[in-house]
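> Model the following, please.
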Amino acid sequence: MTWIYNKSLLLVVVALLTLTGCSISYRFNGGTIDYTQIKSIAISDVTNRAAIVYPRFAASFTEALKDMYTSRTRLAQRRGEADLELECTITGYDLSTASVGQDNFADRTKFTVTMQVKYTNRVNPKESFDRSFTAYRDFRRDQQFNAVQDQLLAEITEDLTKQIFNATVENW
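Below you'll find the model as predicted:
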């Protein structure tokens with residue numbers, strides 16, 4: 001009986017050593033940044049060229065974007081020239097019908113924000129781009145846009161900042 005107990009104990013110890021001795025790690029933030037070459041980022045204030053202007057959105061989006069890079073990378077933020085540079089312009093701030101109800105009126109409305117992003121990578125210029133990112137959210141017809149706008153913008157901001165972050169430093 002002691003022999004079975006000792007063998008079982010040995011098996012448990014070997015299993016624990018194997019499990020704790022091996023680990024696989026992968027980071028999903030700042031994963032492709034070579035910090036030996038890339039040390040700084042400049043994020044310009046977001047400009048608004050959309051037909052509809054919501055005054056607080058450009059400033060809050062700029063801060064959200066800066067927070068994303070601060071919390072997920074070790075890049076120093078600078079004004080002016082840096083290893084990486086981001087210039088964002090709001091080009092679309094639109095409302096459209098998402099679905100029509102049985103009474104032929106809009107049942108849901110789609111709120112879409114489009115952001116034009118110019119990304120400059122001074123270390124690896126081939127990774128630079130100038131492209132558009134879009135995010136949207138729907139809301140019910142019994143909701144007033146002014147009442148849900150800030151919540152929808154918070155969700156859209158989170159979506160757009162992730163898209164931009166992934167395209168710039170994650171290379172997705």
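> and the strand or helix carrying I164, which residues are buried?
In the assignment (DSSP states H and E), I164 maps to helix 145-168. For helix 145-168, the buried set under the neighbour-count rule, 16 or more other CB atoms under 10 Å, comprises 152-153, 156-157, 159-165, 167-168. All C-beta atoms are positioned from the backbone trio N, CA, C, and that covers glycine.
> can you check stretch 74-81 too?
For stretch 74-81, using 16+ other CB under 10 Å, the buried residues are L75.
> what element comes up after the lowest-mean-pLDDT helix or strand in the chain heading to the C-terminus?
Least confident helix or strand, the chain: helix 2-21 with a mean of 56, by mean pLDDT, DSSP states H and E. Tracing the chain past helix 2-21, the next element assigned as helix or strand by DSSP H and E is strand 40-43.
> partners of that next one, with directions?
Sheet pairing of strand 40-43 (DSSP bridges) gives strand 76-77 (parallel), strand 84-100 (parallel).
> mind checking how far the last one is from the chain centre?
Using CA atoms, centre = their mean, to the nearest Å, we find the averaged C-alpha position of strand 84-100 to lie 15 Å away from the chain's own average C-alpha position.
> Go ahead and name everything in contact with stretch 115-122.
Applying CB atoms under 8 Å, 6 or more residues apart in numbering, the external contacts of stretch 115-122 come out as 38, 46, 61, 81-91, 127-134, 160, 164, 167-168.
> Any chance of a ChimeraX selection covering the buried ones in these?
Selection of buried members from these for ChimeraX, criterion 16+ other CB under 10 Å:
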select :38,46,61,82,83,84,85,86,87,88,89,90,91,133,160,164,167,168
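> In this structure R78 contacts K39, no?
No: under the criterion of CB atoms under 8 Å, R78 lies out of contact with K39, with a separation of 9.4 Å.
> what does the average pLDDT come to for whichever helix or strand F133 is part of?
Using DSSP H and E, F133 sits in strand 129-140. In this model, strand 129-140 carries a mean pLDDT of 97.
> again with stretch 150-164
On average, the pLDDT along stretch 150-164 is 98.
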